[in-house]
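Participant: The sequence and its predicted three-dimensional model are supplied below.
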Amino acid sequence: MRYTPRPVSTAPESRHIARWDLDKTYLRTEFDTLRDIVRTALERPDEKRTNPGASTLLREMVRAGMRVHILSGSPEQMRKRLEDKLRLDGITWDTFTLKPNLSNLLRLRFRAVRDQLGYKLPALLRSRAAMTVPQAADKTQLLRESLFGDDAEADAFVYSLYADVVAGRVDTRTLLEVCHRGRVYEDVSEELISFATRVEHVEAVERIFIHLERQTAPGEFRVYGARLVPFYNYLQAAFVLFEDERIPAEAVLRVAVELVVMHRFDGDALGRSYLDLAKRGHLRGVSVDHLATALDAWTAREPVPSAAELRRMVERLPTHADVARAQFGVLETTSPDYVNLVGKHNPRNV
């Protein structure tokens with residue numbers, strides 16, 4: 001079955017939601033050792049590094065009208081430094097949720113310090129329950145979402161489970177079994193079920209983007225179906241959002257400029273970013289001519305950094321789009337077996 005994103009709605013209540021993780025998704029954070037954790041905690045906002053293209057894409061998403069909700073596993077004590085970093089990057093947001101690790105430690109909930117299932121899933125459902133438009137006559141007018149995470153922890157599992165709970169494909173019994181096998185504390189499980197029963201069942205999640213920070217093989221995520229897009233760089237995420245009609249063509253070009261100017265990509269490398277997604281079946285191969293048109297309009301309006309590399313990229317995209325059209329549909333839209341997957345959902349939850 002082919003996965004085709006729904007058309008963008010212009011109704012006020014359908015303004016798109018972008019949910020972002022921070023560590024290893026937006027920020028280039030290291031936390032594999034105690035030294036890493038201490039260094040990260042002590043970094044000034046201006047010392048924190050952003051993943052290439054992430055800040056440009058997030059700014060462009062906000063400019064396109066998306067509402068940003070940040071849900072991070074970083075501790076609440078880092079709020080000021082993280083907010084200051086985002087402000088330095090020109091990012092605005094609607095909500096910013098951080099993990100209450102100090103509270104967990106004081107309550108002797110040591111598992112909760114690393115657990116993502118018992119933290120992120122209730123937070124996502126709580127937020128969704130508060131946002132759902134009650135008694136909407138047309139469910140296509142409800143808020144839709146794109147979720148951003150990484151392959152370092154449990155984001156693929158938690159985001160997919162969240163999407164299927166909201167869609168009504170995971171019942172209460174299955175959700176309780178997942179929580180039990182995932183060693184979620186009982187009171188958290190009860191809270192989670194309470195929020196799950198309050199959300200209106202709708203196909204809310206359009207895309208799940210997983211940044212391959214640890215270079216996990218993209219094929220490992222096939223179990224989650226076509227909705228989930230593993231990506232190596234943020235130009236790839238921009239290509240998908242553009243095809244989904246969530247950002248304009250010029251936004252894609254601006255992300256590409258950052259990769260050229262700041263990270264030494266050339267036009268061929270930019271084009272290969274598209275081709276990689278095309279070969280994996282994540283692109284439909286549509287509207288690439290709009291990127292060339294947008295580049296013409298931009299260069300006519302003002303000098304564009306690395307315009308020659310952008311020109312080389314757009315010249316190669318029509319051929320790559322042929323590959324995308326040939327490959328699109330190879331990914332199934334499936335509902336994973338969450339009960340059997342939960343035991344290995346978090347490589348760091350040991």
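Facilitator: Nice, I can see it.
Participant: The strand or helix carrying residue 273: which residues count as buried?
Facilitator: Here residue 273, judged by DSSP states H and E, is contained in helix 267-279. By neighbour count, and taking 16 or more other CB atoms under 10 Å as the criterion, the buried residues in helix 267-279 are 267, 269, 270, 271, 272, 273, 274, 275, 276, 277, 278. C-betas here are computed from N, CA, C, even on glycine.
Participant: And stretch 292-311, by the same measure?
Facilitator: Judged by neighbour count (16+ other CB under 10 Å), stretch 292-311 contains these buried residues: 292, 294, 295, 298, 304, 306, 309, 310, 311.
Participant: before we move on, the earlier item: closest one of the buried residues of helix 267-279 to residue 316?
Facilitator: Nearest to residue 316 among those, counting by CB to CB, is residue 271 at 3.8 Å.
Participant: Name the nearest residue to the closest one, sequence neighbours excluded.
Facilitator: Of all residues not flanking residue 271 in the chain, residue 316 sits nearest, at 3.8 Å (CB to CB, 6 or more residues apart in numbering).
Participant: where does this structure have low pLDDT?
Facilitator: Within the chain, the stretches falling below the threshold (pLDDT under 70) are 1-14, 30-43, 46, 100-114, 132-141, 333, 345-350.
Participant: Spell out for me which residue occupies the centre of it.
Facilitator: For the chain, the residue whose C-alpha lies nearest the mean C-alpha position (CA atoms, centre = their mean) is residue 148; its distance is 1.2 Å.
Participant: tell me the helices in the stretch 151-300 of the chain, going along the chain?
Facilitator: Taking DSSP state H, counting those that start in this stretch as the criterion, the stretch 151-300 of the chain contains helices spanning 155-167, 172-181, 186-198, 234-243, 249-263, 267-279, 288-301.
Participant: Include distance to residue 222 when you put those helices into TSV, please.
Facilitator: Compiled in TSV, these are given as follows (distance: least, CB to CB, whole Å):
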stretch	distance to residue 222
helix 155-167	11
helix 172-181	20
helix 186-198	26
helix 234-243	16
helix 249-263	26
helix 267-279	14
helix 288-301	25
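Participant: For residue 60, which of these is the nearest?
Facilitator: Each of these has some distance to residue 60 by CB to CB; the shortest is helix 249-263, at 3.7 Å.
Participant: Show me what the closest one packs onto, helices and strands only.
Facilitator: When contacts are defined as 3 or more CB pairs under 8 Å, 6 or more residues apart in numbering; DSSP states H and E, helix 249-263 packs onto helix 54-63, helix 234-243, helix 267-279, helix 288-301, helix 307-327.
Participant: circling back: which member of the buried residues of stretch 292-311 is positioned nearest residue 71?
Facilitator: Within the buried residues of stretch 292-311, the smallest distance to residue 71 is 31.8 Å, found for residue 294 (CB to CB).
Participant: ok, and the closest non-adjacent residue to that closest one?
Facilitator: residue 249 (3.6 Å).
Participant: does the one you found really touch residue 289, like I thought?
Facilitator: No. Applying CB atoms under 8 Å, one finds residue 249 not in contact with residue 289, separated by 9.4 Å.
Participant: which one of the two has more residues nearby?
Facilitator: Between residue 249 and residue 289, counting by other CB atoms under 10 Å, residue 249 is the more crowded of the two (21 against 13).
Participant: Next, the contact list for that one, please.
Facilitator: Applying CB atoms under 8 Å, 6 or more residues apart in numbering to residue 249 gives the contacts 242, 287, 290, 291, 293, 294.
Participant: Residue 308 too?
Facilitator: residue 267.
Participant: let's see it at 6 Å
Facilitator: When contacts are counted by CB atoms under 6 Å, 6 or more residues apart in numbering, residue 308 touches no other residue.
Participant: repeat for residue 242
Facilitator: The neighbourhood of residue 242, defined by CB under 6 Å, 6+ apart, consists of residue 252.
Participant: again, only using 7 Å
Facilitator: Residue 242 makes contact with 249, 252 under the criterion CB atoms under 7 Å, 6 or more residues apart in numbering.
Participant: Run through the bridge partners of the nearest residue to residue 240 once chain neighbours are set aside.
Facilitator: Computed as CB to CB, 6+ apart, the closest residue to residue 240 that is not its neighbour in sequence is residue 229, at 5.5 Å. Judged by DSSP bridges, the bridge partners of residue 229 are residue 209.
Participant: Confirm for me that residue 229 is in contact with residue 282.
Facilitator: Yes. Contact criterion CB atoms under 7 Å: residue 229 and residue 282 qualify, at 5.1 Å.
Participant: Burial check on the residue lying closest to residue 67 once chain neighbours are set aside, number of neighbours?
Facilitator: Counting by CB to CB, 6+ apart, the nearest residue to residue 67 once its immediate chain neighbours are dropped is residue 94, at 4.8 Å. The burial metric for residue 94, expressed as a neighbour count using other CB under 10 Å, is 14.
Participant: One more: residue 152?
Facilitator: The tally of other residues near residue 152 (other CB under 10 Å) stands at 23.
Participant: Which residues are in contact with the residue nearest to residue 67?
Facilitator: Residues touching residue 94, when contacts are defined by CB under 7 Å, 6+ apart, comprise 67, 68, 69.
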